[in-house]
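> Sequence and predicted model, in that order:
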Amino acid sequence: LAYDGKSDAFATDGRQRDKLALVKELGFVPAEHVVVDKARALDAVRVLSAKRASFGYETDGVVVMADAIAEQKRLGATAHHPRWAIAWKFQGEEGTSVLRGIEWSVARTGTITPVALVEPVALSGVTVSRATLHHMGFVKKLGLHLGARIAMVRRGGVIPHVERVIEAAADGANAIVAPSTCPACGAAVVEDGDFLLCGDPSACIAARVGRLLHFVEACDIQGLGDVLVEEAVQRGLFKSPADLFRVTSAQLTTLERCGEKNANKIVAEIAKAKSLPLDALLRSLG
């Protein structure tokens with residue numbers, strides 16, 4: 001499936017539709033699309049939304065873009081996205097649930113995020129039982145408390161999200177209280193506006209595991225999953241990404257879920273990561 005094509009012929013002139021015609025000639029299947037004038041953009045979104053179920057691939061929205069290459073050049077791009085294209089995300093199916101609990105998740109940066117534990121609810125074909133609440137400011141904005149009946153959707157058809165409170169709990173007394181200490185390491189919690197932070201992220205086990213998993217994923221080191229990394233951190237085998245490059249097969253086999261064959265494969269994968277493209281290196285450092 002192709003959504004774009006590159007050719008010197010389109011360096012400064014032509015249209016996006018011509019690119020899609022070219023990729024079709026080359027034997028690719030172009031993404032479903034319609035060409036309309038600016039005033040009918042919303043109509044086009046509705047047409048494609050209605051046809052969504054018939055596509056042979058998953059979709060979470062429609063991209064509205066300028067057709068003329070010259071206009072694309074004029075609008076330019078930021079470091080994050082082109083100014084000449086914008087995603088119109090589908091609103092997911094809404095369902096109702098009850099907020100039963102809060103779990104506090106510690107990220108690799110030490111940020112402590114509230115996660116809603118809800119009664120299982122079917123949303124867009126998937127049963128959802130948890131959703132991030134972003135930060136304490138979001139919790140206060142919605143007026144959330146335990147036992148409240150809430151409206152939920154999968155935003156973009158993918159990410160579970162608490163939209164609003166439909167009905168307060170009968171007693172209304174089950175307030176969500178922010179932790180005063182990090183749930184992972186016990187360090188004092190620091191408040192930074194709406195956000196809660198572990199006061200000692202460099203020593204926090206959860207933050208350390210998160211940093212290592214991020215590094216492993218960015219370097220594409222196969223075989224080192226969540227369970228192995230967490231156990232290695234808890235045993236003191238890994239304290240920083242640098243420790244990955246010092247570990248031996250014998251040390252890895254001391255972990256409960258790592259046999260000799262798997263340990264040798266992991267060491268070989270780590271060796272590959274000693275030489276990285278610059279973008280992967282920068283991404284790995286976070």
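Looks like it came in fine. Numbers count the residues shown, from 1 in each chain.
> Spatially central, which residue of the chain would that be?
The residue lying closest to the centre of the chain (CA atoms, centre = their mean) is Ile159, at 8.5 Å.
> check contacts around that residue.
Going by CB atoms under 8 Å, 6 or more residues apart in numbering, Ile159 touches no other residue. (Each C-beta comes from the backbone N, C-alpha and C, glycine too.)
> so where's the stretch 151-286 of the chain uncertain?
Applying pLDDT under 70 to the stretch 151-286 of the chain flags residues 156-157, 170-173.
> Go again with 90.
Scanning the stretch 151-286 of the chain with the threshold set as pLDDT under 90 gives 153-160, 167-175, 202, 225, 256-259, 276, 285-286.
> Helices of that one, start to end?
205-218, 226-234, 241-244, 249-252, 260-272, 278-284 (DSSP state H, counting those that start in this stretch).
> Indicate which one of the ones you listed is closest to Asp37.
For the helices of the stretch 151-286 of the chain, proximity to Asp37 was assessed by CB to CB; helix 278-284 is nearest, at 38.2 Å.
> Now do the buried residues in the closest one.
The neighbour-count check on helix 278-284 (16 or more other CB atoms under 10 Å) flags Ser284 as buried.
> Dump that helix to CSV, restricted to CA.
What follows is helix 278-284, C-alpha atoms only, in CSV (Å, rounded to 0.1, in the frame of the first residue of the first chain):
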residue,chain,number,x,y,z
LEU,A,278,23.2,8.6,14.2
ASP,A,279,19.4,8.8,14.4
ALA,A,280,19.2,5.5,16.3
LEU,A,281,21.9,6.6,18.7
LEU,A,282,20.2,10.0,19.5
ARG,A,283,16.8,8.2,19.9
SER,A,284,18.4,5.6,22.2
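> who does the residue nearest to the centre of the chain bridge with?
Arg155 (DSSP bridges).
> Gly95 too?
Met152.
> Might you report the residue contacts of it?
121-123, 128, 151-153.
> separation between it and His134?
20 Å (CB to CB, to the nearest Å).
> What count of nearby residues applies to the closest residue to Phe195 other than its chain neighbours?
Leaving out its chain neighbours, the residue that sits closest to Phe195 by CB to CB, 6 or more residues apart in numbering is His135, at 5.1 Å. Taking other CB atoms under 10 Å as the criterion, the count of residues near His135 is 19.
> swap in Lys141?
Lys141 has 12 nearby residues by other CB under 10 Å.
> what helix or strand is it on?
helix 136-142 (DSSP states H and E).
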